[in-house]
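In: generate a structure from the sequence data that follows.
(one chain, ligands or ions: 1)
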Amino acid sequence: MKQIALFERGIAPTPIVEMSGDYGENGYFIKREDMIPFSFGGNKARKAAEFYKEIQEKGADVVMTYGSNSSNHCRIIANMASAMGLACHIISPQENREILYNTRLVEDFGAVIETCPVTEVSETIDRRVETYRREGKNPYFILGGGHGNPGTRACVNTYREIAAYEELTGIHFDYIFHASGTGTTQAGLVSGKLMTEDERRKTGKTLLHQKIVGISIARNEERGREVVRQSIEEYLGDAYQTLYREEELIFTDAYCMGGYGKYTQDVRKTIDEVMARDGIPMDSTYVGKAFHGMRCYLEEKQIHGKKILFVHTGGTPLFFDLLEKQDRNV
Ligand SMILES: *Cc1c(COP(=O)(O)O)cnc(C)c1O
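Out: Model (predicted):
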């Protein structure tokens, strides 16, 4: 198994920069997780770095995952597997067959893509894992979107970087916003915050009073919240009982715009504005949609004069797919 030097040495903190555009009456900063220097970056690259360690430890020879082959997650996992010289097997739902840049990349990395009806996903995964084992192989399966403890741990690191930045600069963020999908990123950020606050409490430092807001890009509030809460519980273990408080989990489905991949003309406008004014590409499925949702949230709640950090979770190839869409009607 080949090593990936970047993952061996660890990912350097991603930049946090102040934004120049006028996005509402607050100070806006952005954390560029999209600049993680592997396969166009993003939170899936950060998560992959944690799964990488487990794959190494377990001596796996096939990397398996689930997801649409047009997803950021599948691109990064297929890229990682090929970089490690390992086979990659992706189980993909039949229903979503759009050919995007991510799809082409996944194919270029040589991943095997097996499609099945969305209702038969878990049987298909189980059957395939079994087949590999019978053949004497040692498959490692990663949940869709890089969900699970290693993924959460990766995003705790994101929070640690934010806390270190605040400590270093004296800038305090009143709010942290981000796109919430499988909930792993939010679970990591919230867990990181709970642990950081606990450390601050124990060392007599002032508490931060910071709100982390997940903007749902697909899930409804009830299911979305529950998955994030479960991931936090799983990650924190025994500390969950003492550290977790219901009000720390802010997850809104008010800006889902009809579900996964759906967006409005206003989202498109925001994306164009951010690119023109700050030179930052955003996609319409996750980052642009959530950034726009954040603006609406702040406006509706009449939140002004605060310092806001938006976490740019990646998806750069999807920006180019959007660019290719000629008609601007959605
Ligand atoms: C997957 C993804 C998300 C959502 O992250 P979760 O950890 O699944 O909630 C947000 N932005 C981008 C660009 C993604 O690829």
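In: only C-alpha atoms for contact and neighbour calcs from this point on.
Out: OK.
In: Tyr52 and Phe7 touch, don't they?
Out: Yes - between Tyr52 and Phe7 there is a contact under Cα atoms under 8 Å: 7.4 Å.
In: which residues does Glu18 contact?
Out: Neighbouring residues of Glu18 by Cα atoms under 8 Å, 6 or more residues apart in numbering: 27-30.
In: dump the residues you listed to JSON lines, plus secondary structure and distance to the ligand.
Out: Putting the contacts of Glu18 into JSON lines (DSSP: H, G, I helix; E, B strand; the rest coil; distance: Cα to the nearest ligand atom, whole Å) gives the following:
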{"residue": "Gly27", "secondary structure": "strand", "distance to the ligand": "22"}
{"residue": "Tyr28", "secondary structure": "strand", "distance to the ligand": "18"}
{"residue": "Phe29", "secondary structure": "strand", "distance to the ligand": "17"}
{"residue": "Ile30", "secondary structure": "strand", "distance to the ligand": "14"}
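In: nearest to Asp126, of these?
Out: Nearest to Asp126 among those: Ile30, at 40.1 Å, using Cα to Cα.
In: burial check on the closest residue to the closest one other than its chain neighbours, number of neighbours?
Out: Excluding the flanking residues, the one nearest Ile30 by Cα to Cα, 6 or more residues apart in numbering is Phe310, at 4.7 Å. With neighbours defined by other Cα atoms under 10 Å, the count for Phe310 comes to 24.
In: cool, and Thr124?
Out: The number of residues near Thr124, taken as other Cα under 10 Å, comes to 18.
In: same thing with Gln302?
Out: Count around Gln302 with other Cα under 10 Å applied: 10.
In: still on that earlier bit, three-state assignment of the residue nearest to Ile30?
Out: Three-state assignment for Phe310 (DSSP: H, G, I helix; E, B strand; the rest coil): strand.
In: coming back round to it: more crowded one of Tyr52 and Phe7?
Out: The neighbour count for Tyr52 versus Phe7, taken as other Cα under 10 Å, is higher for Tyr52 (20 against 17).
In: model confidence score at the more buried one, please.
Out: Per-residue pLDDT puts Tyr52 at 98.
In: helix or strand for it, which one?
Out: If you go by DSSP states H and E, Tyr52 is part of helix 43-58.
In: what lines up beside the helix or strand immediately after that helix in the chain in the sheet?
Out: Counting by DSSP H and E, the next helix or strand C-terminal to helix 43-58 is strand 62-66. Strand pairing for strand 62-66, using DSSP bridges, gives strand 87-93 (parallel), strand 139-142 (parallel).
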